[in-house]
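K.L.:
Dropping a prediction and its sequence here:
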Amino acid sequence: HYIQAVNSAYAIYNKTGTLLASFTENQLWAGNGTICNGSSSGDPVVLYDWLADRWILTHFAFASNSGPFYQCIAASKTSDPVAGGWWMYAVRMDPGGTGQPPVGKLNDYSKFGLWHDCLYMGANEFDMTTTKSTYAGVAFASFSRSDLYSGAALTYSLGFLGTAPGFVPFTLIPSNNQGKGANAAQPGTPNYFVSESQTDYFFEVRKFAPGPNCGGGGSLSTATNVSQTPYPFTTFGNVVPQPNTTNMLDNIDDRIMQKVQYRKIGGAESLWVTHNVDTASGPTAMQWAQIDVTGGTIVTTPVQQQIYPDATLWRWMGSLAVDNQGNMALGYSTSNGSSPNFPSIAYSGRLATDPLNTLPQTEVQLIAGAGSQTNNCGGAPCNRWGDYTAMSVDPTDDCTFWYTNQYYSSQANG
């Protein structure tokens, strides 16, 4: 199967493209009796568990902007996401209490990683109790995989890092296992949460050790800073041009994009990350890096990294994945202000044998977009093109890459 999510719905396909099932977030949760039944609100993420052959569909829910705020987590009861059924868990994300997200904090931009023990989560927290929402810190969480897949009462823990007294992470993303058997994340291996430094040019890598059965008593380490190539910081925000309009698209700043992929090849363990960066020539570019975490040691210099730009195309909204040989594919959106370079979908990549710090496999345009984003949102131009995209590896051959992104098939048809 291949499962795709958009902001309010899911669709399940077979691998030749036949639609097998589709449903909104609220339809998935219909009759559940929780806030996710009727108040699901988007930001969906699909995960496939390489170690259990199960699926997880998750998004947030809230009935009003004042909360309470929930994460809706549906875990497939079997390997069949069409007919096998789902276990449903609605988790309140602003419970208050010592060390937990305070009441009235929204779990925005939630990102996930499946591991050998838990489903891990990070989210940006926004204070919704003020007249205008303000950034309040990050939430991090662990959920028991064994409970999710059995329908048992869910064991989990929530943590919170607030903005006082100093800088905290922004967009804190857990690592996501790719691989089976000896090539998977092994028991005893901590999960790694990665963020982009808000004060300097570093990837911040933290280890998370959960409590028993992914419940309370766990700990998130302080950050180990991993160096990165510096870049300008002058043209973030609504800066991506499109043909035939003055409306600019939001490049989503320089946050780490989903997912933080974990790969073990031979004895080497790596985290693979990507995010948008600014460039001296103006166009947004993709920075990617391979971080060595072999044996639980976070090496402070990347195995390799690169800023992948040119002088004409803006590249943003990236996601990457790595196959069992160490070949990497990076997908992203492209655009500029000249027709026919409407917002489009492209990818580039590298073979494991290619020179380090390079993407020598020629960039390929997967889909040529045929229209620009010219709609209005609340009386002003819609600058947002999307929040994230997703690159995945097919677990049946551990070789085929699948990618999802968005485009206009015509100016009239989004």
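P.N.:
Cool, the structure landed. Numbers count the residues shown, from 1 in each chain.

K.L.:
SS state for the most centrally placed residue in the chain?
P.N.:
The chain has Gln258 as the residue nearest its centroid, 2.6 Å off, counting by CA atoms, centre = their mean. Local secondary structure at Gln258 is given as coil here, using DSSP: H, G, I helix; E, B strand; the rest coil.

K.L.:
Roughly how far does it sit from Trp402?
P.N.:
Taking CB to CB, to the nearest Å as the criterion, Gln258 is separated from Trp402 by 14 Å. (Each C-beta comes from the backbone N, C-alpha and C, glycine too.)

K.L.:
Please enumerate the helices of the stretch 101-250 of the chain.
P.N.:
With helices called from DSSP state H, counting those that start in this stretch, the stretch 101-250 of the chain shows them at 145-150.

K.L.:
Who does the helix or strand of the chain with the lowest mean pLDDT pair with, and is each partner parallel or antiparallel?
P.N.:
Confidence across the helices and strands of the chain bottoms out at strand 376-377, with a mean of 88, counting by mean pLDDT, DSSP states H and E. In its sheet, strand 376-377 lies beside strand 380-381 (antiparallel), with partners assigned from DSSP bridges.

K.L.:
which regions of the stretch 251-400 of the chain lie under the pLDDT threshold?
P.N.:
Applying pLDDT under 70 to the stretch 251-400 of the chain flags no residue at all.

K.L.:
residue boundaries of the strands in it?
P.N.:
Using DSSP state E, counting those that start in this stretch, the strands of the stretch 251-400 of the chain run over 260-265, 268-277, 285-292, 304-308, 314-322, 328-335, 344-350, 361-367, 376-377, 380-381, 390-393.

K.L.:
Thr224: which of those is closest?
P.N.:
With CB to CB, the closest approach to Thr224 among these belongs to strand 285-292: 9.6 Å.

K.L.:
Assign Gly38 to helix, strand or coil.
P.N.:
helix.

K.L.:
Let's have the strands of the stretch 251-400 of the chain in CSV, adding mean neighbour count and distance to Thr246.
P.N.:
As requested, these are arranged in CSV below (neighbours: other CB atoms under 10 Å; distance: least, CB to CB, whole Å):
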stretch, mean neighbour count, distance to Thr246
strand 260-265, 23, 36
strand 268-277, 24, 22
strand 285-292, 23, 23
strand 304-308, 19, 27
strand 314-322, 26, 15
strand 328-335, 26, 14
strand 344-350, 21, 19
strand 361-367, 13, 24
strand 376-377, 9, 13
strand 380-381, 12, 8
strand 390-393, 23, 30
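
K.L.:
Now do the contacts for the residue lying closest to Tyr120 once chain neighbours are set aside.
P.N.:
Using CB to CB, 6 or more residues apart in numbering and skipping residues adjacent in sequence, the residue nearest Tyr120 is Pro174, 3.5 Å away. Pro174 is in contact with 111-113, 115, 120-122, 140, 191-193, 208, 260, counting by CB atoms under 8 Å, 6 or more residues apart in numbering.

K.L.:
partners of Pro174 in the sheet?
P.N.:
The residues paired with Pro174 through beta bridges, assigned by DSSP bridges, are Phe193.

K.L.:
Distance-wise, check it relative to Val393.
P.N.:
Distance of Pro174 to Val393, given as CB to CB: 18 Å.

K.L.:
swap in Ile256?
P.N.:
19 Å.

K.L.:
for Gly266, same thing?
P.N.:
Distance of Gly266 to Val393, given as CB to CB: 17 Å.

K.L.:
Chain neighbours aside, what residue packs nearest to Leu172?
P.N.:
The nearest residue in space to Leu172 (CB to CB, 6+ apart) is Gly122, at 3.8 Å.

K.L.:
hang on, the one you found packs against Gly137?
P.N.:
No. The criterion here is CB atoms under 8 Å, and Gly122 misses it with Gly137 at 11.1 Å.

K.L.:
out of the two, which sits in the more crowded spot?
P.N.:
When neighbours are counted by other CB atoms under 10 Å, Gly122 and Gly137 differ, and Gly122 comes out ahead with 28 against 21.

K.L.:
mind checking pLDDT for the more buried one?
P.N.:
The score at Gly122 is 98. That number is its pLDDT.

K.L.:
who's in contact with it?
P.N.:
So Gly122 contacts 110-111, 138-141, 169, 171-174, 193 (CB under 8 Å, 6+ apart).

K.L.:
So among the residues you listed, where is pLDDT lowest?
P.N.:
The weakest per-residue confidence within those falls on Pro169 (90).

K.L.:
how much space between the residue sitting furthest away from the middle of the chain and Tyr408?
P.N.:
Outermost residue of the chain with respect to the C-alpha centroid, by CA atoms, centre = their mean, is Asn244; its distance is 30.9 Å. Counting by CB to CB, the separation of Asn244 from Tyr408 is 12 Å.

K.L.:
Can you pull the residues that touch both of the two?
P.N.:
Ser372.
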